[in-house]
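Visitor: pasted the sequence and its predicted model underneath.
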Amino acid sequence: MWVSDLDLLDGIDEQRSWREDLCDGAVVLRAYALEYEADLLAGIESVRQAAPFRHMHTPGGFRMSVAMTNCGACGWVTDRTGYRYDAIDPLSGQPWPQMPASFVRLAQAAASAAGFTDFLPDACLINCYEPGARMSLHQDRDEQDLQQPIVSVSLGIPAVFQFGGDTRADKPQRLPLQHGDVVVWGGPARLRYHGVLALREAMHPLLGRRRINLTFRKAG
Ligand code: MD3
Ligand code: FE
């Protein structure tokens with residue numbers, strides 16, 4: 001039987017993002033964000049003009065190697081007093097920039113594809129890694145409703161993501177993440193320890209020697 005070019009295109013369209021189940025509650029959607037690439041880059045650019053990337057400090061006084069900013073009604077911040085979500089950017093004294101509509105669409109579509117319907121993120125933390133930057137193992141538990149998933153979008157140079165178990169002692173598995181990959185974490189995976197290994201030196205044609213990760217959450 002003849003397979004028309006259109007049928008082939010349909011097939012490609014369905015498989016443009018490859019789906020992998022990592023563990024119960026966690027799904028990788030490979031290349032899922034590529035069709036949003038232009039909107040994501042433009043959105044990051046406009047957010048950073050209003051709310052530049054900055055290196056925050058942990059409550060213990062350490063400067064984070066990852067530079068961060070936020071958009072949306074709530075932004076994740078850390079300083080000597082602790083971790084929290086705040087409607088105000090401490091650098092500008094102004095509310096965080098609005099979450100671009102394309103960001104919300106991507107986060108909702110990815111959450112649905114992973115089986116989480118009606119995800120309405122109010123916080124988008126934007127992490128910027130240069131070679132050498134890393135994020136040590138931690139849990140995300142500053143959000144009010146832990147039934148809501150987290151959607152993570154990787155852009156730029158590759159990284160190796162670590163995901164462990166429900167205690168810090170569980171030996172983490174490694175997951176390489178590339179430009180355009182999306183991971184959705186929810187249900188039983190929501191409180192898993194996770195982190196990012198120190199980035200290797202590399203260059204991305206659009207982002208240079210940087211990795212940008214967006215994490216979408218329902219914080220409030
Ligand atoms: C697994 N960021 O900002 S996102 C963070 O690549 C953070 O910048 C990493 O961890 C980054 O807090 C990883 C992926 C992620 C986010 C939340 C999770 C993985 C998760 C919650 C539970 C388990
Ligand atoms: Fe995290």
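Guide: Right, received. Where do you want to start? Ligands and ions are numbered 1, 2, ... in the order given.
Visitor: pretty sure L206 is in a helix, no?
Guide: No - with DSSP: H, G, I helix; E, B strand; the rest coil as the criterion, L206 is assigned coil and is not in a helix.
Visitor: and it, how many neighbours?
Guide: Neighbour count for L206, taken as other C-beta atoms under 10 Å: 11. C-beta: built from backbone N, CA, C; applies to glycine.
Visitor: list the contacts of the closest residue to it other than its chain neighbours.
Guide: Spatial nearest neighbour of L206, excluding adjacent residues (C-beta to C-beta, 6 or more residues apart in numbering): L41 at 6.6 Å. Neighbouring residues of L41 by C-beta atoms under 8 Å, 6 or more residues apart in numbering: 155, 206-207.
Visitor: will you turn the residues you listed into TSV that also has distance to S136 and pLDDT?
Guide: Shown next, in TSV, are these (distance: C-beta to C-beta, whole Å; pLDDT from 0 to 100):
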residue	distance to S136	pLDDT
L155	21	98
L206	28	98
L207	23	98
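Visitor: out of those residues, which is nearest to C71?
Guide: The closest of these to C71 turns out to be L155 (C-beta to C-beta; 14.8 Å).
Visitor: separation between the closest one and ligand 1?
Guide: Applying C-beta to the nearest ligand atom, to the nearest Å, the value for L155 to ligand 1 is 10 Å.
Visitor: that residue reaches R211, doesn't it?
Guide: Yes - using C-beta atoms under 8 Å, L155 is in contact with R211, at 7.0 Å.
Visitor: that older thread, tell me the pLDDT of the residue nearest to L206.
Guide: pLDDT recorded at L41 is 98.
Visitor: next, it: secondary structure please.
Guide: On the three-state scheme (three-state DSSP), L41 is labelled helix.
Visitor: what is the burial count for the closest residue to D79 other than its chain neighbours?
Guide: Leaving aside its sequence neighbours, D79 sits nearest to H57 (C-beta to C-beta, 6+ apart; 5.8 Å). If you count neighbours by other C-beta under 10 Å, H57 ends up with 13.
Visitor: likewise for H204?
Guide: 16.
Visitor: check the one 5 residues further on too.
Guide: Residues contacting R209 under the criterion other C-beta under 10 Å number 14.
Visitor: who in this structure is up against ligand 1?
Guide: Taking C-beta under 6 Å from any ligand atom as the test, the list of the chain residues beside ligand 1 reads 125, 127, 135, 140, 150, 152, 163, 183, 185, 189-190, 192, 194, 196, 213, 215.
Visitor: could you flag which of these are buried?
Guide: Taking 16 or more other C-beta atoms under 10 Å as the criterion, what is buried in the residues of the chain next to ligand 1 is 125, 127, 135, 140, 150, 152, 163, 183, 185, 189-190, 192, 194, 196, 213, 215.
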